[in-house]
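Chemist: next input, structure requested:
(2 chains)
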Amino acid sequence: MRTSLIEIQETEKYLLKEMDTPDRLVFEARILSNPLLRINLFFQQKVYSVVELYHRKKLKEEAEIIHRRLFDDPAKKEFQETIFQFFKK
Amino acid sequence: MEVLEMTKPKAKSPAQLFERLYETAFLPVVKYVSKMNGSFEDSKDIFQDALVIYYEKSQQPDFSITSSEEAYIVGIAKNLWIKKFNRDHKNSSLDHFESEIFVDDHTTKVNDHKLLQLLGSTGKKCMDLLRAFYYEKLPMRNIAGVFNYRSEHSATVQKYKCIEKIRETIKTKSISYEDFTD
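Modeler: Sure thing, here's the model as predicted:
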């Protein structure tokens, strides 16, 4: 693996707290002395946050498909009516 | 040719779980939300957020519940309702619900929605790969099969390449850090 990818791998281990103490201390010293590593670490955190949000968005899309199926299907009329009766004014 | 054995991360797919819970737990949530003068749309939003939260929690290795799944979902939905409407937390719900998934300790306050929007369809394959690994928790062996990489090693290398690609996209899209901090 090329150096930049190894650095991403190490950053990931650091962020996920998978480094043992000596490696963590060395890595933290590198963060302090290497501004680019510091910036990359900041943005790598953002990658995980955005992937988490993407995951949730996808899960909600799956829930929405089921919702539509339940409320568009004439065979589920009884279920739909049971639900809608709570919103009749 | 090697045949890859496909194993699910958990016994149930989210779709199967959501479908079952829609049949059993949507009604009690509707009863609660309507009693609180909420609309059908409110019920739907709260319930879907509750489903996602429940699914995420159920993926954690030490997850266990003492009540029924339905009661648990209703409990989450009630909490979401309170957060959303009684505590003046606009746009509350899932987006601000504290997830216990691994990045919590490391995240600063960022506008991740803005980031996701900016990324758009850039690197969809990468996003899917990273999602499969970190959140669907598929083993790398399976990911190699699903995403057509010739080996686990290739898939692992690709995972890091994807992180690099998305990281650089985020970097480029950001004019300054302030754009992404609240």
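Chemist: can you find the helix or strand in chain B with the smallest mean pLDDT?
Modeler: Every helix and strand of chain B was ranked by mean pLDDT, DSSP states H and E. The lowest is helix B:112-119, at a mean of 78.
Chemist: before we move on, which element is the most centrally placed residue in chain A in?
Modeler: Note on chain A: the residue nearest the mean C-alpha position is A:Glu52, at 1.0 Å, using CA atoms, centre = their mean. If you go by DSSP states H and E, A:Glu52 is part of helix A:35-72.
Chemist: pLDDT of that helix, averaged?
Modeler: For helix A:35-72, the mean pLDDT works out to 94.
Chemist: what are the buried residues along it?
Modeler: Of the residues in helix A:35-72, those buried under the neighbour-count criterion (16 or more other CB atoms under 10 Å in any protein chain shown) are A:37, A:40-56, A:58-60, A:62-63, A:66-67, A:70. Any C-beta I mention is one placed from the backbone N, CA and C, and that applies to glycine too.
Chemist: would you mind measuring from the residue nearest to the centre of chain A to chain B?
Modeler: Separation of A:Glu52 from chain B (CB to the nearest CB, to the nearest Å): 6 Å.
Chemist: need the helices for chain B, in chain order.
Modeler: Shown for chain B, the helices assigned by DSSP state H span residues B:14-35, B:40-58, B:69-81, B:112-119, B:124-134, B:140-146, B:152-173.
Chemist: show me what the fifth one is packed up against.
Modeler: If I follow you right, that is helix B:124-134. Helix B:124-134 is packed against helix A:35-72, helix B:140-146, helix B:152-173, with contacts defined by 3 or more CB pairs under 8 Å, 6 or more residues apart in numbering or on different chains; DSSP states H and E.
Chemist: also the third one?
Modeler: Identification of packing neighbours for helix B:69-81 by 3+ CB pairs under 8 Å, 6+ apart yields helix B:14-35, helix B:40-58.
Chemist: export these as a markdown table, with columns for mean neighbour count, mean pLDDT and distance to A:Leu25.
Modeler: Output for the helices and strands packed on helix B:69-81, formatted as a markdown table (neighbours: other CB atoms under 10 Å in any protein chain shown; pLDDT from 0 to 100; distance: least, CB to CB, whole Å):
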| stretch | mean neighbour count | mean pLDDT | distance to A:Leu25 |
| --- | --- | --- | --- |
| helix B:14-35 | 19 | 94 | 40 |
| helix B:40-58 | 22 | 93 | 33 |
